[in-house]
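Chemist: Take a look and give me a structure for this.
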Amino acid sequence: MDISETLEFISSYKNDYPHEDLSRVRALLARLGDPDRKLRFVHVAGTNGKGSTCAMLASILRKAGYRTGLFTSPHILRFNERMQIDGIPVSDDDLVSATEKVKAAMSGMQDGVNWFEMVMCIALVWFAERKADIVVFEVGLGGLLDGTNVIDVPDVAVITNIGLDHTEILGSTLEEIAWQKAAIIKTAGTAVIYRGPEQVEKVFENRCREVDAKLIKADFDSISEGKADILGQTFDAEGMRGIFIPLAGDHQKKNAAVAICTARALRSKGWKVTERNIRSGLRTTVWPVRFEVVSRDPLFIIDGGHNPQCAEAVRDSLRSLIPSETKIVFLLGMLADKDFRDVIKILGSVSGEFVTVAPDSYRALSAADLARCIAEQGFSAVPCSSIEEGIETAIRTADGGAVCCVGSLYLAGDVRRHFSADTSFERLV
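Modeler: Next up is the predicted model:
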């Protein structure tokens with residue numbers, strides 16, 4: 001196969017196999033020579049913030065001199081971004097090679113794996129072949145039955161902020177969702193958690209007690225207010241003074257505290273990660289479309305947030321970082337299975353002007369239907385038939401103010417690609 005054929009094979013693979021257990025993916029990995037057992041992991045689950053936390057941890061480990069794998073989803077611009085070593089996505093040639101091996105191994109199996117499990121196996125084959133020292137491994141969905149949970153005890157299991165998302169699969173309460181994610185904490189392991197409601201923390205405490213794992217809770221009380229603008233923030237946390245991260249929002253300071261705790265937990269297990277490595281890694285973290293400024297003139301911000309918790313973070317960041325007199329217009333596109341009504345309500349408290357588009361997904365809510373829901377809540381909405389039309393309409397409506405694109409990572413990737421290719425903007429990408 002060449003790269004076009006490889007990407008076509010991956011994109012057309014049928015995801016007909018439900019998340020029932022991990023026996024199929026375990027069998028496939030055995031056929032591939034158990035690449036996962038040649039690797040060490042930081043395993044990261046959570047509803048929100050797990051991608052940002054993964055990016056911070058990978059950056060810290062690279063600064064410590066380790067050959068660091070990073071597995072995240074979804075991708076923003078290219079599929080290859082899902083698997084990286086030392087910040088560099090898998091090459092086309094390596095992706096072709098690893099996919100061919102996984103495809104051959106699957107051909108003899110009576111029961112197949114689902115799409116995400118196949119992609120994860122491709123990544124594990126590549127990480128093992130390239131001899132990654134450690135892999136920062138992001139959970140796809142939940143934890144208990146997620147394909148990534150096939151790995152043995154990770155060096156550290158990390159659980160970020162818990163919220164109500166994928167409730168039809170993971171449960172309708174925070175406790176039920178936390179229970180699913182707590183399953184990545186293994187016997188005699190170490191877990192680091194993002195602080196949350198008492199009932200959620202109790203789930204993690206019980207899990208650690210059951211499997212004799214060490215539990216570390218990030219100290220959010222140690223986080224100072226600091227100084228912030230739309231390009232980043234400086235603050236104190238976990239006993240470190242003057243930390244800088246190029247990410248906006250109070251929630252990112254909390255994610256940084258989790259990353260610091262995780263790095264120190266790794267150090268206690270023999271990984272040579274210094275405080276200087278932590279500071280430098282946080283400072284150089286790269287994580288696109290998380291309140292990312294892609295143009296200064298006009299001011300255009302992209303955030304891939306897609307649920308009410310994310311919308312609250314965007315709202316708070318806009319209120320604290322954008323002058324109150326600045327007109328803000330939202331470019332909004334959402335999937336139909338997300339809680340779009342609450343997202344509209346939250347964002348509408350900042351600005352009542354919306355431009356709607358449909359993300360490039362079969363699950364997308366149409367621009368017209370989304371605009372209708374916005375109007376029902378008393379806000380203004382202009383539906384557009386394409387991403388390009390939506391961008392132009394939002395900028396024109398803002399009239400010298402700011403545009404904030406939010407609602408879906410699928411939308412965020414397409415909008416970011418537009419800014420990367422268009423030279424007419426004073427852009428930062």
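Chemist: Residue ranges in the stretch 51-200 of the chain under the pLDDT threshold?
Modeler: 165-169 (pLDDT under 70).
Chemist: could you redo the last one with a cut-off of 90?
Modeler: 74, 76-77, 108-112, 141-142, 163-172 (pLDDT under 90).
Chemist: what ranges do the strands span in it?
Modeler: Secondary structure of the stretch 51-200 of the chain (DSSP state E, counting those that start in this stretch): strands located at 68-71, 83-85, 88-89, 134-138, 156-159, 190-193.
Chemist: Check the separation of the first and last residues in stretch 145-157.
Modeler: The first residue of stretch 145-157 is 15 Å away from its last residue (Cα to Cα, to the nearest Å).
Chemist: want to try a markdown table for the strands of the stretch 51-200 of the chain, with mean neighbour count and distance to Met106 as columns?
Modeler: Quick note: C-beta positions are derived from backbone N, CA and C, even for glycine. What follows is those, written out as a markdown table (neighbours: other Cβ atoms under 10 Å; distance: least, Cβ to Cβ, whole Å):
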| stretch | mean neighbour count | distance to Met106 |
| --- | --- | --- |
| strand 68-71 | 27 | 19 |
| strand 83-85 | 24 | 18 |
| strand 88-89 | 14 | 23 |
| strand 134-138 | 27 | 21 |
| strand 156-159 | 30 | 28 |
| strand 190-193 | 26 | 33 |
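Chemist: Could you dump those strands into a markdown table with distance to Ile387 added?
Modeler: Formatted as a markdown table, those follow (distance: least, Cβ to Cβ, whole Å):
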| stretch | distance to Ile387 |
| --- | --- |
| strand 68-71 | 27 |
| strand 83-85 | 26 |
| strand 88-89 | 23 |
| strand 134-138 | 26 |
| strand 156-159 | 34 |
| strand 190-193 | 37 |
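Chemist: May I have the residues that are in contact with the residue nearest to Val289 when sequence neighbours are not counted?
Modeler: In space, and not counting its chain neighbours, Val289 is closest to Ala412: 3.9 Å by Cβ to Cβ, 6 or more residues apart in numbering. Contacts here follow Cβ atoms under 8 Å, 6 or more residues apart in numbering; on that basis Ala412 touches 76, 288-289, 302-304, 405.
Chemist: In a helix, Ala412, correct?
Modeler: Yes. Checked against DSSP: H, G, I helix; E, B strand; the rest coil, Ala412 lies within a helix.
Chemist: Please tell me how far it sits from His306.
Modeler: 9 Å (Cβ to Cβ, to the nearest Å).
Chemist: so where do the strands sit in the stretch 201-350 of the chain?
Modeler: 214-217, 227-229, 232-237, 240-245, 292-297, 299-302, 328-332.
Chemist: would you list those in TSV and tack on distance to Met1 and mean pLDDT?
Modeler: TSV is the format used below for these (distance: least, Cβ to Cβ, whole Å; pLDDT from 0 to 100):
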stretch	distance to Met1	mean pLDDT
strand 214-217	44	98
strand 227-229	46	92
strand 232-237	41	96
strand 240-245	40	97
strand 292-297	34	90
strand 299-302	33	95
strand 328-332	37	98
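Chemist: Quick one, which of the ones you listed gets closest to Ser351.
Modeler: Nearest to Ser351, of all the strands of the stretch 201-350 of the chain, is strand 328-332, at 4.2 Å by Cβ to Cβ.
Chemist: contacting residues around the closest one?
Modeler: For strand 328-332, contacts defined as Cβ under 8 Å, 6+ apart pick out 318, 322, 343-344, 347, 350-351, 353-357, 370, 374, 390-391, 394, 397-398, 401-407, 411, 415.
Chemist: Select from those residues every entry located in strands.
Modeler: 353-356, 402-406 (DSSP state E).
Chemist: can you tell me which two in the residues you listed are farthest apart?
Modeler: Thr356 and Ala402 (17.5 Å).
Chemist: what about these two, which has more around it?
Modeler: For Thr356 versus Ala402, the count of surrounding residues by other Cβ atoms under 10 Å is larger for Thr356: 28 against 24.
Chemist: Show me what that one is bridged to.
Modeler: Leu332, Pro383 (DSSP bridges).
Chemist: Need the pLDDT of it.
Modeler: Reported pLDDT at Thr356 in the predicted model: 98.
Chemist: thinking it is in contact with Ile374, fair?
Modeler: Yes. Counting by Cβ atoms under 8 Å, Thr356 does reach Ile374; the two are 6.9 Å apart.
Chemist: hey, what's in contact with both of the two?
Modeler: By Cβ under 8 Å, 6+ apart, the residues touching both Thr356 and Ile374 are 332, 381.
Chemist: Quick check, central residue of the protein?
Modeler: Gly51 (2.9 Å; Cα atoms, centre = their mean).
Chemist: if I pick that one, what's in contact with it?
Modeler: Neighbours of Gly51 in contact, by Cβ under 8 Å, 6+ apart: 72, 138, 287, 290.
Chemist: for the residue nearest to the second one when sequence neighbours are not counted, phi and psi?
Modeler: With Cβ to Cβ, 6+ apart as the criterion, Glu138 has its nearest non-adjacent residue at 4.5 Å, and that residue is Thr72. The main-chain torsion angles of Thr72 are listed as degrees, to the nearest 10 and equal phi -140, psi 170.
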